[in-house]
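Novice: I would like the atomic coordinates for the input below:
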Amino acid sequence: MHVVIAWWHLDRSAQTIASLRDFLRDEAVDRFSRVPGLRLKVWISDERTNRWGAVFLWESAQAAAVPMPARAAELIGYPPTERHAFDVEATAEGAHDTVRLARLGLAFTG
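Specialist: Below is the predicted model:
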């Protein structure tokens with residue numbers, strides 16, 4: 001398995017965390033639900049530092065290397081400010097009450 005973390009510092013962008021939440025609801029979550037080899041994508045934000053990003057959990061480094069449309073970069077106006085890739089050493093899934101992870105988070109509740 002392979003993890004990719006991408007961060008944007010939004011200070012140079014016309015986009016805001018709020019406007020990017022609309023993008024999640026309107027198109028991104030559904031589109032990424034159909035990406036081959038992607039096990040999980042978690043969009044993240046830090047309003048204090050005006051950062052927006054995502055954590056991708058891929059089945060393999062090969063799956064992560066397949067080019068994808070860069071719609072977020074198009075909206076934000078530039079590629080991620082930081083991008084890091086890692087091999088996964090181990091995983092664990094804790095005990096939880098949530099049946100599904102899809103469509104959770106501030107984009108759908110706030």
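Novice: tell me, what residue is most central in the chain?
Specialist: The C-alpha lying nearest the average C-alpha coordinate of the chain belongs to residue 54 (CA atoms, centre = their mean; 2.8 Å).
Novice: ok, residue 93 - how many residues close by?
Specialist: As a burial measure, residue 93 scores 5 neighbours (other CB atoms under 10 Å). For every residue, glycine as well, the C-beta is placed using N, CA and C.
Novice: burial check on residue 102, number of neighbours?
Specialist: When neighbours are defined as other CB under 10 Å, residue 102 has 10 of them.
Novice: not counting its neighbours along the chain, what's nearest residue 70?
Specialist: Setting aside the residues directly before and after it, residue 70 is nearest to residue 79 in space (CB to CB, 6 or more residues apart in numbering), at 7.1 Å.
Novice: before we move on, what about residue 39?
Specialist: Nearest-residue entry for residue 39: residue 57, 4.5 Å, with adjacent residues in sequence omitted and distances by CB to CB, 6+ apart.
Novice: might one say that the one you found is in contact with residue 38?
Specialist: Yes - shown here, residue 57 and residue 38 form a contact pair, counting by CB atoms under 8 Å, at 7.5 Å.
Novice: all strands for the protein, in order.
Specialist: Here the chain has its strands, by DSSP state E, at 2-9, 38-46, 51-58, 82-87.
Novice: distance of the closest residue to residue 49 other than its chain neighbours from residue 74?
Specialist: Nearest residue to residue 49 in three dimensions, chain neighbours excluded: residue 9, at 7.5 Å (CB to CB, 6+ apart). Note on residue 9: its distance to residue 74, by CB to CB, to the nearest Å, is 17 Å.
Novice: and residue 52, how many neighbours?
Specialist: If you count neighbours by other CB under 10 Å, residue 52 ends up with 27.
Novice: OK, contacts around it?
Specialist: By CB atoms under 8 Å, 6 or more residues apart in numbering, residue 52 lies in contact with 7-8, 10, 15, 17, 20, 43-45, 76.
Novice: which residues of the protein fall in helices?
Specialist: For the chain, helices defined by DSSP state H occupy the ranges 17-23, 29-32, 61-65, 71-76, 106-109.
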